[in-house]
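Participant: Build me a structure from this.
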Amino acid sequence: MRRLLSVFCLALAATASADEKTDAVKTLIPWLLDEKDTLREIRFADVIAATSGKKVIAIDPKNQDDQRVLAELGTALDAVLAAMNAPDSPTRAARRVNEMSAKFEDAILAQLKAAPGLECSIPPTAAGLRQRSGYPDLRVLDKATGRVFYLDPKLFARGSKTSALRTFYFEPKRATNKVNDDARHLIIGIEHDHDADGVVQFQRWELLDLANFRVKLKAEFEGSNADMYRPEAVVGAGPKR
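Facilitator: Residues are numbered from 1 along each chain as shown. Next up, the predicted model:
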């Protein structure tokens, strides 16, 4: 894994020569094709350490401070779910699950801001900007201990826990990296279903510790229209109509 990351960084480095980039890419491609053995079951904690230099700290079930913060999070999430199931819930106007997720993020942020002993905010990027997109969504600071908890709310349909569809992604970038603390990393899983009238109902929440979370790398090369439609690339064209 470390070799893959070093090769990938060299391939993208602005200071690398053209020959170095070519050699790095030639080494990188076989690694990307070897998905079964190399790019699966990668510890998320190792990804965070390699991309940000920060530690993913496991929740300690015997630590009173960890358990106190979890209890405070639970109280806040109970209140959020009650509000989201109310007739005037902001989720009623949302048409897609992604829009509902944004409503939950806003509600959790507001609830935790009001929680005594905690500070909650949108985590800044490495460049110091507040960016809503990208992992993680929320940063919680326990004032008593200085411990940081990163939170990322995810909605999931009832009965979909064993689904193999992608529901989590992390894009490593230097300037927009939002993991800037040694911290506990938690997913807030929110189960939803529909009532007899087709109205979305939020059933329960779960907190998932990502300390032992395993991820896989999906190899994908991309390009924009600006990359493709360069004047020197055009080798034929029809008449304008």
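Participant: Could you point out the longest helix of the protein?
Facilitator: Ranked by residue count under DSSP state H, the longest helix found in the chain is helix 64-84.
Participant: Just the buried positions in that helix, please.
Facilitator: 66, 69-70, 72-73, 76-77, 79-81, 83-84 (16 or more other Cβ atoms under 10 Å). (C-beta placed from N, C-alpha, C; glycine too.)
Participant: Please give me every residue in contact with the closest residue to residue 104 other than its chain neighbours.
Facilitator: Nearest residue to residue 104, sequence neighbours excluded (Cβ to Cβ, 6 or more residues apart in numbering): residue 153, at 4.9 Å. Residues counted as contacts of residue 153 (Cβ atoms under 8 Å, 6 or more residues apart in numbering) are 101, 104-105, 108, 137-138, 187-188, 190.
Participant: can you rerun that using 6 Å?
Facilitator: Shown in contact with residue 153 (Cβ atoms under 6 Å, 6 or more residues apart in numbering): 104-105, 188.
Participant: what about residue 180, helix or strand, and which?
Facilitator: Per DSSP states H and E: residue 180 is located in neither a helix nor a strand.
Participant: Roughly how far does it sit from residue 73?
Facilitator: 21 Å (Cβ to Cβ, to the nearest Å).
Participant: domains in the protein, as residue ranges please.
Facilitator: Here the chain is described, according to automatic domain parsing, as comprising the domains 1-39, 53-221.
Participant: Next, format those as TSV and append mean pLDDT and distance to residue 240.
Facilitator: Listed next are the domains of the chain as TSV, based on pLDDT from 0 to 100; distance: least, Cβ to Cβ, whole Å:
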stretch	mean pLDDT	distance to residue 240
domain 1-39	61	37
domain 53-221	89	32
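Participant: What ranges does this structure have for its strands?
Facilitator: Assigned by DSSP state E, the chain shows strands spanning 42-43, 118-121, 138-142, 148-157, 184-194, 200-209, 214-215.
Participant: With that, I have no additional questions.
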